[in-house]
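In: Could you work out the structure for the sequence below:
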Amino acid sequence: MFRNFVKLGILIFSLAFSRALSAQTVLKAELLLDTKSDLGEGAIWHPKEKKLYWVDINQGFLHLYDPASGKNETVELGQKVGTVVPSVSRGNAVVALHDGIYLYRFAGGGKLELLQPNPEKSTTNNRFNDGKCDPAGRFWFGTIGPNNSAALYRMDADRSIHVMKREVGTSNGIVWSGDKKIMYYIDTNTGKVVAYDYDNRTGDISSPRDAIVVPPGMGGPDGSTIDAEGMIWIAHWGGSCVARWNPKTGELLCKVEIPAKHVTSCAFGGKNLDTLYITTAREGLSEKDLQESPLSGGLFVVKPGVKGVKANLFVLDNMK
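Out: The predicted structure is shown next:
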């Protein structure tokens, strides 16, 4: 009986806290690292290594931030890097570089191993942008290009690449629902989050429909993450914020103000997955913009009162 009362108390507290968070319209993030990244992106928390992986696309930097030591390690990849995803094989990560998808091995000073060449290299001048892994460990990545010339791709464990969507402007945030039945996808140019029925067995998607429509005044939806309650957190390019949205109702729940105009990605991390890490950019900002928001390009942090979920890691057949 006592145990049931405890469970009821925890449930009531959780519901009350969730309502309080929804009613709290504005949170404020704090600067963690003043890196002045040109195009900080791709934040993802490694659940085993307890480190934050993120990139500076234009500089070709892969960053690894360790909150235990407070140190940020930087790897120079020599090419623009669209995104990074840790692998289930310890000490490895997948990176989308200018000319292809690579496995980066950290051991021995670092080594790049080509998995697949860029599927668009011979046809466009597009570059890779955001990407994440689905619950089965497949790597989803997209491109950015003019006149909707970009696309969304999926690379399976056997290294085969599949075109999942064409006529994309700026491929961006991807997350999956906790029950593995829905994939939420952002093409920034549309100002929307689109929900797809997702088949975890095959990796197929179908039945697209609008889940969230972002008002123009909030900036463009960029990178995203999902919390343990199934709500989506979206970085808003040009909007100086990260916002929490309900994908089932399209409702805006709360905002996190960032002292930087271009907010690019976000990821839950930390020991309890209760810390939201946020990347920003300096790209495209005028001198006046930089004077008004000199911390642009920094890595920011906030504890929003909810927890995230573990990131999906990349699975590759016969990986040593």
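In: and residue 189, that's in a helix?
Out: Yes. Judged by DSSP: H, G, I helix; E, B strand; the rest coil, residue 189 forms part of a helix.
In: from memory it sits against residue 170, does it?
Out: Yes. Residue 189 is in contact with residue 170 according to C-beta atoms under 8 Å; the separation is 5.3 Å. (Glycine included, C-beta is placed from N, CA and C.)
In: who touches both of the two?
Out: When contacts are counted by C-beta atoms under 8 Å, 6 or more residues apart in numbering, residue 189 and residue 170 are jointly contacted by residue 220.
In: what's the average pLDDT for the strand or helix carrying residue 162?
Out: Assigned by DSSP states H and E, residue 162 belongs to strand 161-168. Confidence for strand 161-168, expressed as mean pLDDT, is 97.
In: After that strand, which helix or strand is next?
Out: According to DSSP H and E, the helix or strand after strand 161-168 is strand 171-176.
In: Relative to that next one, what are the paired strands and their orientations?
Out: Strand 171-176 pairs in its sheet with strand 182-187 (antiparallel), by DSSP bridges.
In: So which residues of the stretch 201-320 of the chain form strands?
Out: 205-213, 220-226, 232-237, 241-246, 251-257, 262-269, 275-281, 299-302 (DSSP state E, counting those that start in this stretch).
In: okay if I get those as CSV plus mean pLDDT, mean neighbour count and distance to residue 57?
Out: Listed next are the strands of the stretch 201-320 of the chain as CSV, based on pLDDT from 0 to 100; neighbours: other C-beta atoms under 10 Å; distance: least, C-beta to C-beta, whole Å:
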stretch, mean pLDDT, mean neighbour count, distance to residue 57
strand 205-213, 98, 14, 24
strand 220-226, 98, 26, 12
strand 232-237, 98, 27, 13
strand 241-246, 97, 22, 19
strand 251-257, 96, 18, 22
strand 262-269, 98, 27, 9
strand 275-281, 98, 28, 8
strand 299-302, 98, 21, 14
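In: what's around residue 91, how many residues?
Out: A count of neighbours around residue 91, defined by other C-beta atoms under 10 Å, yields 12.
In: From what I see, residue 36 and residue 297 are in contact.
Out: Yes. With contact defined as C-beta under 8 Å, residue 36 counts as touching residue 297 (4.3 Å).
In: where do the contact lists of these two overlap?
Out: Residues touching both residue 36 and residue 297 comprise residue 282, with contact defined as C-beta under 8 Å, 6+ apart.
In: between those two, who's got more neighbours?
Out: residue 297 (25 against 15).
In: how close does that one sit to residue 59?
Out: 10 Å (C-beta to C-beta, to the nearest Å).
In: and what of residue 158?
Out: Taking C-beta to C-beta, one finds residue 158 at 32 Å from residue 59.
In: Between the two, tell me which one has more neighbours.
Out: Higher neighbour count among residue 158 and residue 59: residue 59, with 18 against 8, using other C-beta under 10 Å.
In: tell me which element the more buried one is part of?
Out: Judged by DSSP H and E, residue 59 forms part of no helix or strand.
In: Next: residue 151.
Out: Secondary structure (DSSP H and E) places residue 151 in strand 150-155.
In: do the same with residue 102
Out: Per DSSP H and E: residue 102 is located in strand 100-105.
In: Check residue 85 too.
Out: With DSSP H and E as the test, residue 85 turns up in strand 81-86.
In: which residues sit against that strand?
Out: Applying C-beta under 8 Å, 6+ apart, the contact partners of strand 81-86 are 41-42, 44, 46, 49, 53-57, 60-62, 92-97, 104, 127-133, 139, 141, 143, 311, 313-314.
In: Toward the C-terminus, what is the element adjacent to it?
Out: strand 92-97.
In: List of residues touching that following strand?
Out: 53, 55, 60, 62, 77, 79-87, 101-106, 112, 115, 128, 131, 139, 141, 314, 316, 319.
In: Would you mark the buried spots in the strand holding residue 162?
Out: Buried residues in strand 161-168, counted by 16 or more other C-beta atoms under 10 Å: 161, 164, 165, 168.
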